[in-house]
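Asks: what shape does this take:
(one chain, ligands or ions: 1)
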Amino acid sequence: MTILRTPADVAFTLQDLPRIPRADQVLMVDPADYDVLFAINPHMQDAEGNLLKVDRKEARRQWWCLREAIESLGIHVEVAPPLEGFPDIVFCANQVLPVSSAITGRAPMAIASHMASDLRAAEVPHIMSFLRELGYQPSALKSRDIKMEGMGDGLWHPGRRLLWAGVGPRSDDAAWVEIAKRLDVTTALLPLVDPDFYHLDTALAMLAEDTCLWYPPALSKDAQELVEALIPNRIEAPEIESRRGFACNAFCPDGETVLIQQGNAITKDRLETAGFRVRELNTSEFMKSGGSVFCMKLQHGPD
Ligand code: ARG
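Replies: You can find the predicted model right below:
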């Protein structure tokens, strides 16, 4: 197990890390209770501090389009029930860090998040009990007073035993160090430096084993150099498309097709030039809560 903080810590290439299968399953949460009822990130209110108004019917329609797009790629989508009073539970990338059986060597494990905001705390046991029924072994962090928000900040590298871990407003360095040691997984710690990019998944998407999509200025200098040291192909999203269009909150389930918020024309063009198929989706109602395609689902497995 190695903790990577600077490029000087990288004494290997991706090919030296053990191969693991790509995650092959997707969980989504019924958006019945989705809304913007409080602001816990900079995207949820306007310049006057008013909460953004959600068109809930349109949100439901957008959620279904995303679900159908994922299913059209041959991936079965498991849907967990909503939780009354918890409008953010639809962002189900956040409540647990799923650990595949390829990593544990036994049953798959779900490590419970410690949500940064109490307003989201009750989402964790709800998602955990659903995953338990899917065969996941529940697990918890030892330290009570550290933050960790699952796959909002913890991104599994597709196909290799490596975890990319965002450190910032939602997840603490110490949480990832504990997880890296416990799982014996090489973990790259990436400090986030811009409040609009409050989760790592708003600034970095792993598309394929050798390719990422990212907005480098959201990461510290060392973090940028770490990504550069390990990932040979890096597709950069421009500032406006990253900050306002959530371009980096994209999801590539198969290493070939990228599901991404519509209207990010420059990013789309760069993805296509790099050989990816791009499927644009409208997540405008969810962007009002600070989330888009990637955080509206949890990719997990194989179990
Ligand atoms: N309103 C939610 C929050 O602030 C949005 C979460 C989006 N999730 C993500 N992984 N970026 O917690």
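Asks: around the ligand, pick out the residues from this protein.
Replies: Residues of the chain that fall close to the ligand, judged by Cβ under 6 Å from any ligand atom: 40-41, 88, 91, 93-94, 152, 199, 201-202, 289-291, 295. In short, each C-beta sits where N, CA and C put it, glycine included.
Asks: let's go with 8 Å and repeat that
Replies: 36, 40-41, 43-44, 88, 91, 93-94, 115-117, 120, 149-153, 170, 198-199, 201-202, 249, 289-292, 294-295 (Cβ under 8 Å from any ligand atom).
Asks: and the residue in the chain sticking out farthest from the centre, its phi and psi?
Replies: If you look at how far each residue of the chain sits from its centre, by Cα atoms, centre = their mean, the farthest one is residue 48, at 29.2 Å. The phi and psi values for residue 48, taken as degrees, to the nearest 10, are phi -90, psi 0.
Asks: tell me the spacing between it and the ligand.
Replies: Residue 48 is 19 Å from the ligand, where distance means Cβ to the nearest ligand atom, to the nearest Å.
Asks: how about the strands in the stretch 51-200 of the chain?
Replies: Counting by DSSP state E, counting those that start in this stretch, the stretch 51-200 of the chain has strands at residues 77-80, 96-99, 109-112, 137-139, 154-156, 162-167, 186-191.
Asks: pick the most deeply packed of these.
Replies: strand 96-99 (a mean of 27; mean count of other Cβ atoms under 10 Å).
Asks: for it, enumerate the helices and strands it packs against.
Replies: Secondary-structure packing of strand 96-99 (3 or more Cβ pairs under 8 Å, 6 or more residues apart in numbering; DSSP states H and E): strand 109-112, helix 123-133, strand 298-300.
Asks: mind listing what the nearest residue to residue 100 once chain neighbours are set aside touches?
Replies: In this structure, residue 100 finds its nearest non-sequential neighbour in residue 108, 5.4 Å apart by Cβ to Cβ, 6 or more residues apart in numbering. By Cβ atoms under 8 Å, 6 or more residues apart in numbering, the contact set of residue 108 is 98-101, 135-137, 300-303.
Asks: most packed of the helices and strands packed on strand 96-99?
Replies: strand 298-300 (a mean of 24).
Asks: tell me the strands beside that strand, with direction?
Replies: strand 25-29 (antiparallel) (DSSP bridges).
Asks: how about the strand it pairs with: buried residues?
Replies: 25-29 (16 or more other Cβ atoms under 10 Å).
Asks: try stretch 228-240
Replies: Applying 16+ other Cβ under 10 Å to stretch 228-240 flags 229-231, 234-237 as buried.
Asks: residues in contact with that stretch: which ones?
Replies: By Cβ under 8 Å, 6+ apart, the residues outside stretch 228-240 that reach it are 7, 10, 13-14, 162, 188, 207, 210-217, 227, 247-248, 264, 266-267, 270-271, 274.
Asks: repeat the analysis, applying 7 Å as the threshold.
Replies: 7, 10, 14, 210-216, 227, 247-248, 264, 266-267, 270-271, 274 (Cβ atoms under 7 Å, 6 or more residues apart in numbering).
Asks: distance from the chain centre to that stretch, please.
Replies: Chain-centre distance of stretch 228-240: 17 Å, with Cα atoms, centre = their mean, to the nearest Å.
Asks: quick one: end-to-end distance for that stretch.
Replies: With Cα to Cα, to the nearest Å as the measure, the ends of stretch 228-240 fall 22 Å from one another.
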